[in-house]
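Trainee: Here's a sequence, model it:
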Amino acid sequence: MGQIIQTTNISRKYVMGSETIHALNSISISIDKGEYVAFMGPSGSGKSTLMNIIGCLDTPSTGQYILNNHDVSDLTENELAEIRNKEIGFVFQTFNLLPRATALENVALPLVYAGFNREDREEKAFAALEGVGLGDRAYHKPNELSGGQRQRVAIARALVNDPSIILADEPTGNLDSKTSYSIMELFQELHSQGNTIVMVTHEDDIAEYAHRIVRLRDGLIETDVVNQNVRKPLVV
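Mentor: As a prediction, the model looks like this:
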């Protein structure tokens, strides 16, 4: 399928007063198109820092990051923002929806930045909502939706630009078990359609839905294994 993510010896350090924190130490990892990978590790392991670099929300202190054939290691803030909008669909634990906007308006937001006209935005946003089973909730605001429905809106928003990668940061962190499993079922469906998914989670049962599990500790990759027993969603 070809590589979509390639990091070579990337490190990230933060200077805080007189202290230097090494969040990542010389990480080299490659992810192919169509893979479904989970990053795991305890708090402070570097998994969120790695996710932020892969998502072009941050840049490495040293090393190289190639995203879909673009070297994004040294881009400016504006260039990173452009790459993010074009290449990456984000799904966050806290949904990050605009409270006064409808589901349709929330999903259409990335298309505003991408320069689509209103009619095309609405058409694409509605199709994305239908794709996550929420076509009938297009004109509801977030406070009129359940937690699981809000996360589905966030997933539709992540998909609307046809990104190269879906990055999911603790996507079930604010959901009960039953809702979590239905969201993981949706991710499996998206993966089966050819989407590349990279997920950060600290929950073993959620990581087991991924086809590859990378564990980090102290800014280093501890293990990187193919998941031989991919978990099947519970039918609830």
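
Trainee: Let me know the pLDDT of M184.
Mentor: What the model reports as pLDDT for M184 is 90.

Trainee: Is it correct that it falls within a helix?
Mentor: Yes: counting by DSSP: H, G, I helix; E, B strand; the rest coil, M184 falls inside a helix.

Trainee: how about the helices in this structure?
Mentor: Counting by DSSP state H, the chain has helices at residues 47-54, 77-87, 103-113, 118-131, 147-159, 177-192, 204-207.

Trainee: need these in CSV with distance to E222 and mean neighbour count, can you?
Mentor: Where you see a C-beta, it was placed from the backbone N, CA and C, and this is true even at glycine. Compiled in CSV, the helices of the chain are given as follows (distance: least, CB to CB, whole Å; neighbours: other CB atoms under 10 Å):
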stretch, distance to E222, mean neighbour count
helix 47-54, 11, 23
helix 77-87, 28, 15
helix 103-113, 34, 22
helix 118-131, 36, 18
helix 147-159, 28, 24
helix 177-192, 24, 18
helix 204-207, 14, 17
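
Trainee: okay, those in a markdown table with distance to L216 next?
Mentor: Output for the helices of the chain, formatted as a markdown table (distance: least, CB to CB, whole Å):
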| stretch | distance to L216 |
| --- | --- |
| helix 47-54 | 5 |
| helix 77-87 | 22 |
| helix 103-113 | 29 |
| helix 118-131 | 32 |
| helix 147-159 | 23 |
| helix 177-192 | 21 |
| helix 204-207 | 12 |
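
Trainee: For Y65, find the nearest of those helices.
Mentor: Comparing these by their distance to Y65 (CB to CB), the top pick is helix 47-54, with 6.2 Å.

Trainee: tell me the mean pLDDT for that closest one?
Mentor: Here the average pLDDT along helix 47-54 is 92.

Trainee: Same question for stretch 128-142.
Mentor: 94.

Trainee: returning to what we had before: which one of the helices of the chain lies closest to D32?
Mentor: helix 177-192 (12.6 Å).

Trainee: so the closest one versus helix 147-159, what angle?
Mentor: Angle, helix 177-192 to helix 147-159, by axes from the mean of the first three to the mean of the last three CA atoms, to 10 degrees: 20 degrees.

Trainee: sorry, back to before: quick one: which of the helices of the chain is nearest S61?
Mentor: helix 47-54 (9.9 Å).

Trainee: Report the distance from the closest one to the chain centre.
Mentor: 10 Å (CA atoms, centre = their mean, to the nearest Å).

Trainee: Pull the residues that contact that helix.
Mentor: 5, 7, 10, 12, 23-24, 27, 29, 39-41, 58-60, 65, 67, 165, 167, 169, 198, 200, 216, 219 (CB atoms under 8 Å, 6 or more residues apart in numbering).

Trainee: Who's the closest spatial neighbour of V15, skipping the chain neighbours?
Mentor: I21 (7.9 Å; CB to CB, 6 or more residues apart in numbering).
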